[in-house]
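**Student:** below: sequence and its predicted model.
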Amino acid sequence: MITEVLIAPFTEFEFMRRALAAVIALSLGGAPIGVFLMLRRMSLVGDAMAHAILPGAAIGFLLSGLNLFAMTTGGLIAGFTVAILAGVVSRTTGLKEDASLATFYLASLALGVTIVSIKGTNIDLLHVLFGNILAMDDQTLLVVAFNATITLLVLAVIYRPLVIESVDPLFLRTVSRAGAPAHLAFLALVVINLVNGFQALGTLLAVGLMILPAGIARFWSRDITGMICIAVIAAVISGYAGLVLSFQTKVPSGPAIILVATVLYAGSVLFGSVGGVIRQMFPAPHLEA
Amino acid sequence: MAAQIQFRDVTLGYDRHPAVHHLNGEVPSGALLAIVGPNGAGKSTLFRGLVGILKPLAGSIATDGLDVRDIAYLPQTADIDRSFPISVFDLVGTGLWRATGFFGGIGKASREKIGQALAAVGLTGFENRAIGTLSGGQLQRMLFARVLLQDARLIVLDEPFNAIDAKTSADLLALIKRWHAEGRTVLAALHDMDLVRGNFPQTLLLAREPVAWATTSEVLTAENLLAARRMCEAFDDSAAPCVADDMPSQAA
């Protein structure tokens, strides 16, 4: 019975296996990015970027229908444009990054919805906004896996300057010029992973598989390595359980995944070993020194 | 001795308003120089210009053959995100950036060095503590440990003893003397005149413009200090452009 519910969907249906593979790839790439977004207080920036991708994807859609390659390329171009413009504006004018991003993403979102509604139907709009992880073909799956791999490689390259820039930016500025390139590379990774999640979860929820696992990890670990590992595990669990939930109950897959992550998040807020509510209500006795 | 730093008629400031006005002078290699002056005198601004995070409005600062990595800078208020989950050991370890860069490993020798630096500032046993749990004085000790590891030829300390207790100040002052003995050039902005008189051979008294720059006993006279106080923060929104640039140089 339990195997029937938990394992059979994946052994019997290929589309479920593809979806599982996709969600694991998304977790591996997106969760570490989410941890950095959270630690750099950029969680909502990730959300804003997700909206910024929309016009690019919509133009891709306009030109060649529901072709994921065209939409991905368009999304990447739009995302990079907004990320780099916002980054450049904030670094050259002293305007805070969130403020400059807010402007760009609002403009992008308006533009994106306009473009989709010029040509598409409401169903197209739904697909763009919420994605469909159950419709992964081979090519799409390869793109997702490729993007996740690139993410991990680039993150390894910029890891050290990124950490130092997060904790002590002035220090990094005085010893190295790697700060700005590392920051821009990080923004690029955010965009790549949003576009990646976009195919599975849609523009509105793509950021969910990045931010929610990071939030969960914050309640279980005090150091960044631990946080990244826990975030990846939490994302994979959410993805798997969300797919099962979706399969058994006909809840759409994207929202199912994010809802499972939300349940894990709520559990972490309550029971987390680092700053969880229960732990705070019943603290262990203090130490002698 | 060769000049390590040359200030060539340098003016530093914000939005065209000068905070340091027409400073000329040289700091010889291996000097131990105190920079004193009232609040708003331009001490921090001078340091920001020196380490290259503020571009001069006019003039130039020449640091003879020094790469950015040869300069260790301890800002007045460290811009550190104390909620970031990083241990004392790892943060001090970033002082080895010059040797490790992006990918260099932190091997056994480096670990020992970090341990020694922590011991030198009296933070042995704090290795695994998160930086957010340190007190203000402990944080300052940790930052000194990082400066120690940076192994820099020029060390710039902006009010390093602010809000620091006497014992910690004495410990950190001993480190400064050790750096001086090792032939490094050390510049420190300070407010404690007794500490300057007792420990720093050279002093620059700054009040937006240099008031005096010589041996400490010559500089820290009652008249000079009074003069510095009088040249207080004259920030005039409608100030006319400075014409000194157009006048023939009087220094020559």
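**Tutor:** Arrived safely.

**Student:** got a pLDDT number for the residue lying closest to A:Gly275 once chain neighbours are set aside?
**Tutor:** Counting by Cβ to Cβ, 6 or more residues apart in numbering or on different chains, A:Gly275 lies nearest to A:Phe219, which is 6.3 Å off, once chain neighbours are set aside. Backbone N, C-alpha and C define where each C-beta goes, glycine included. pLDDT recorded at A:Phe219 is 94.

**Student:** contacts for stretch A:258-269, please.
**Tutor:** The contact list for stretch A:258-269 (Cβ atoms under 8 Å, 6 or more residues apart in numbering or on different chains) reads A:201, A:205, A:208-209, A:212-213, A:215-216, A:218-220, A:234-235, A:237-238, A:241-242, A:245, A:251, A:276-277.

**Student:** which residues of chain B score low on pLDDT?
**Tutor:** For chain B, applying pLDDT under 70 flags the ranges B:1, B:232-239, B:243-252.

**Student:** in it, which spans are strands?
**Tutor:** Per DSSP state E, chain B has strands spanning B:3-14, B:17-28, B:32-36, B:58-63, B:71-74, B:154-158, B:185-189, B:202-207, B:209-215. These are given in chain order.

**Student:** nearest to B:Ala228, of the ones you listed?
**Tutor:** strand B:202-207 (4.0 Å; Cβ to Cβ).

**Student:** contact residues of chain A facing chain B?
**Tutor:** A:39, A:157-158, A:160-161, A:163-164, A:166-171, A:173-178, A:221-224, A:227 (Cβ under 8 Å from any Cβ of the partner chain).

**Student:** can we see that at 6 Å?
**Tutor:** By Cβ under 6 Å from any Cβ of the partner chain, the residues of chain A that approach chain B are A:Arg160, A:Ile164, A:Ser166, A:Val167, A:Asp168, A:Leu170, A:Arg173, A:Thr174, A:Val175, A:Arg222, A:Asp223, A:Ile224.

**Student:** which residues does whichever strand or helix holds A:Pro55 contact?
**Tutor:** Using DSSP states H and E, A:Pro55 sits within helix A:54-64. Here helix A:54-64 makes contact (Cβ atoms under 6 Å, 6 or more residues apart in numbering or on different chains) with A:70-71, A:74-75, A:77-78, A:108-109, A:111-112, A:115-116, A:119, A:203.

**Student:** what's the pLDDT at the residue in the stretch 1-150 of chain A that chain B sits nearest to?
**Tutor:** Residue nearest to chain B within the stretch 1-150 of chain A: A:Leu39 (6.1 Å; Cβ to the nearest Cβ). You'll see A:Leu39 listed with a pLDDT of 92.

**Student:** same deal with A:Leu264?
**Tutor:** So A:Leu264 comes in at 96 (pLDDT).

**Student:** now the helix or strand where it lies: buried residues?
**Tutor:** Using DSSP H and E, A:Leu264 maps to helix A:253-271. If you call a residue buried by 16 or more other Cβ atoms under 10 Å in any protein chain shown, then helix A:253-271 has these buried ones: A:253-262, A:264-265, A:268-269.

**Student:** got a quick PyMOL command for the buried subset of the residues of chain A next to chain B?
**Tutor:** Buried residues among the residues of chain A next to chain B (16+ other Cβ under 10 Å), as a PyMOL selection:
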select buried, chain A and resi 160+164+166+167+168+170+173+174+175+222+224
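
**Student:** got the residues of chain A next to chain B as CSV, with pLDDT and distance to B:Arg141 columns?
**Tutor:** Shown next, in CSV, are the residues of chain A next to chain B (pLDDT from 0 to 100; distance: Cβ to Cβ, whole Å):
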residue, pLDDT, distance to B:Arg141
A:Arg160, 91, 24
A:Ile164, 91, 20
A:Ser166, 90, 22
A:Val167, 91, 17
A:Asp168, 90, 16
A:Leu170, 87, 18
A:Arg173, 85, 23
A:Thr174, 84, 20
A:Val175, 83, 20
A:Arg222, 88, 21
A:Asp223, 88, 21
A:Ile224, 92, 23
